[in-house]
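1. A predicted structure for the sequence below; I have some questions about it.
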Amino acid sequence: MNLRRSEFHAFTGSGSSRFLYLVPSAAVVQLDDLSHAVLETLAAGDRSATDLVETLSDRWKADEVRTSVDELLGLRAIHTVAAPPPKPKAEKPKRSIPLQTLVLNVTSKCNLSCGYCYEYGEDKIVEAKTKPRFMNEATAKQSVDFLFSEAGDSPSVNLTFFGGETLMNFKMLQSALAYARERGAALGKEVNASLTTNATLLREEIIDWIVANDVGVTVSIDGAREQQDKFRVFANGMGSYDIILPNIKSLLARHRRRPVGARVTLTGQNLDVASIYTHLFEEIGFWEVGFAPVTTSWQREYAIEDEGFQKLLSGFQSLAADFLDAALAGRRHGFSNVRDTLEEIHKGMSKAYPCGAGLGLMGVATDGDVALCHRFAGSDDHKLGSVFDGVDHARQDEFLQKHHIANKTDCASCWARPLCAGGCYHEAHTRYGSTVEPNLHYCNWIRAWTNTCLEIYGTLAERKPEYLAQFD
Amino acid sequence: MRHLKPINQKARHIQSIIDNDVVALQQGGPPQGPHVPLGCSFVFSPGWEVDSNGGTAGLCQPVERDLFDCHLTCFWPAHVPDLYNHAPDWTAKCASAQKDWRKIDLIFP
């Protein structure tokens, strides 16, 4: 019976240790010299166990080799040629997944005119005039009720306010959150609230409310003045940096109970990850900084193209090296992209879907229509129901069936699919006109970046396993 | 595991399944937790000890089929004579196990 290597990605830590990232289970194991030798021998072609015993007999005893082969078989790092691993099926989740996060697009209006905005810019999905510009109180309260009813038995729910510019509808935020907390207390559920803002309207009164209500805040900001003012401008073209800086400083000084994060949009013109990070983390004092490449169709002038992706990767890698140094030295580092990925690796997440959109997370448009996520809120093509009539489960099932990783043939041979699963639906829709398409334009980038994170993971497993224990 | 060290949670989980699932008798005491023998109960061929649901309703039908199935494919083969050397014609008169099983020769070592 011949043995063959199954799907895995081999990587190393900082020392001589060798690791395997197994696909699709997403298990990470460390190899000893014998297991490594078995896999190396099989790399040259299929062999029987007896052959392997003979080939490796100069260094290892037969029963040792057989034990190693059995262990590799058990973990599906190898398989017998006659019994290849089963092809994955697009199965619906076995238990219905409760709604955990509801993102309320409280307004479609914004006081900035960022050139790359997916909501207003050249790639917008929803025509703003077709929907009310602001969500009213009744719709917001109905959304809260909808969240509680769809959350099932979950002990806590996440309510996220989003826009447009979220704080342009501050009055409604107050009543919606007060109502959610009141209902939550009656139902015995915790309500975790958060919002995203461009920080232009963060006046003292609003900060008071944020602090008093323990609201998590993410600030959209692109870096230092020059970087921020490239795209994040007012309608008259004036940059927003000088307006937001004092607001952010005041928020950071007063809001100490929950980490305040910065969320950076990277464009072809703004790729200097290191300087952006230094400014936001060290100079301004954000708790963490997350980076995301701009979502855009390929021909836009701010789109990141091949060369840009290379630059972005080396920027990410060098910042990731700083992250590792900090983790080894026991210092906190705020590069949240690495930390998030390490946690996913540690848990062994093997995703059937790239994210929770349409599953544990949904977005509500200003009129109460429910869609996959906040980025699709208001789009009739991506509607899954409404807060008044509930979720259209037939439509949700159809969505889940169509978007399952087993149905993305382009991803079938990629070792990074347990973590990537084809990437953002909205990005795919913007690039390729369909949420079903995998984001093929950044495959190489994702694989290189995932490998970097795996190497960091391996190094921490070798040299500082207690760091990883925080994810247990 | 001796040659692989589980590092992340998923690897530890898989290891716990492996450790608690397939055990040979010489590996010591009874397994912890539910234990279903590996072999026919995991494939489409019906089993002889428990069926794929862990019950007995779907066992080999008829039991005589053991002769032509279990002794070839099962991890714990039915006891049959040595068909290759000593008794190659053991089942020569048995065209259909269901009907002719009484015609099978008795073989003595």
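-> Right, received. Where do you want to start? Source: prediction; values computed, not measured.

2. so who does residue A:150 touch?
-> With contact taken as C-beta atoms under 8 Å, 6 or more residues apart in numbering or on different chains, residue A:150 is in contact with A:98, A:99, A:390, A:391. Glycine gets a C-beta too; all of them are placed from N, C-alpha and C.

3. could you find the closest non-adjacent residue to residue A:453?
-> Distances taken as C-beta to C-beta, 6 or more residues apart in numbering or on different chains place residue A:341 nearest to residue A:453, at 4.3 Å, with adjacent residues excluded.

4. secondary structure element holding the one you found?
-> helix A:336-347 (DSSP states H and E).

5. in PyMOL, how would I select the buried members of the contacts of residue A:150?
-> Applying 16 or more other C-beta atoms under 10 Å in any protein chain shown to the contacts of residue A:150, the buried members can be selected in PyMOL as follows:
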select buried, chain A and resi 99+391
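
6. pLDDT wise, what is the closest residue to chain B within the stretch 201-350 of chain A at?
-> Residue nearest to chain B within the stretch 201-350 of chain A: residue A:348 (2.2 Å; C-beta to the nearest C-beta). Per-residue pLDDT puts residue A:348 at 97.

7. residue B:11 is in contact with that one, correct?
-> Yes. Counting by C-beta atoms under 8 Å, residue B:11 is a contact partner of residue A:348 at 6.9 Å.

8. in stretch A:164-173, what's buried?
-> A:164, A:165, A:166, A:167, A:168, A:169, A:170, A:172, A:173.

9. so what's the nearest residue to residue A:461 once chain neighbours are set aside up against?
-> Spatial nearest neighbour of residue A:461, excluding adjacent residues (C-beta to C-beta, 6+ apart): residue B:7 at 4.9 Å. If a contact means C-beta under 8 Å, 6+ apart, then residue B:7 has A:19, A:28, A:29, A:30, A:457, A:458, A:461 as its contacts.

10. in JSON lines: the residues you listed, plus secondary structure and pLDDT.
-> Below are the contacts of residue B:7 laid out as JSON lines (DSSP: H, G, I helix; E, B strand; the rest coil; pLDDT from 0 to 100):
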{"residue": "A:19", "secondary structure": "strand", "pLDDT": "98"}
{"residue": "A:28", "secondary structure": "strand", "pLDDT": "98"}
{"residue": "A:29", "secondary structure": "strand", "pLDDT": "97"}
{"residue": "A:30", "secondary structure": "strand", "pLDDT": "97"}
{"residue": "A:457", "secondary structure": "helix", "pLDDT": "98"}
{"residue": "A:458", "secondary structure": "helix", "pLDDT": "97"}
{"residue": "A:461", "secondary structure": "helix", "pLDDT": "96"}
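
11. from these, which two are the most distant?
-> A:29 and A:457 (12.2 Å; C-beta to C-beta).

12. hang on, the earlier thing: closest to chain B out of the contacts of residue A:150?
-> Distances from chain B to the contacts of residue A:150, taken by C-beta to the nearest C-beta, are shortest for residue A:98, at 22.1 Å.

13. go through the longest helix seen in chain B and flag the buried ones.
-> Longest helix in chain B, counting residues (DSSP state H): helix B:9-21. For helix B:9-21, a neighbour-count test (16+ other C-beta under 10 Å) marks B:9, B:10, B:11, B:14, B:15 as buried.

14. before we move on, what about stretch A:415-423?
-> A:415, A:416, A:417, A:418, A:419, A:420, A:421, A:422, A:423.

15. now, those that are in helices?
-> A:417, A:418, A:419, A:420.

16. if I look at the second one, how far off is chain B?
-> If you measure residue A:418 against chain B using C-beta to the nearest C-beta, to the nearest Å, the figure is 9 Å.

17. tell me the confidence at that residue?
-> Residue A:418 is given a pLDDT of 97.

18. which residues does the spatially most central residue of chain A contact?
-> For chain A, the residue nearest the mean C-alpha position is residue A:355 (6.8 Å; C-alpha atoms, centre = their mean). Counting by C-beta under 8 Å, 6+ apart, residue A:355 touches A:361, A:373, A:424, A:425.

19. can you name the residue of chain B nearest to chain A?
-> residue B:10 (2.2 Å).
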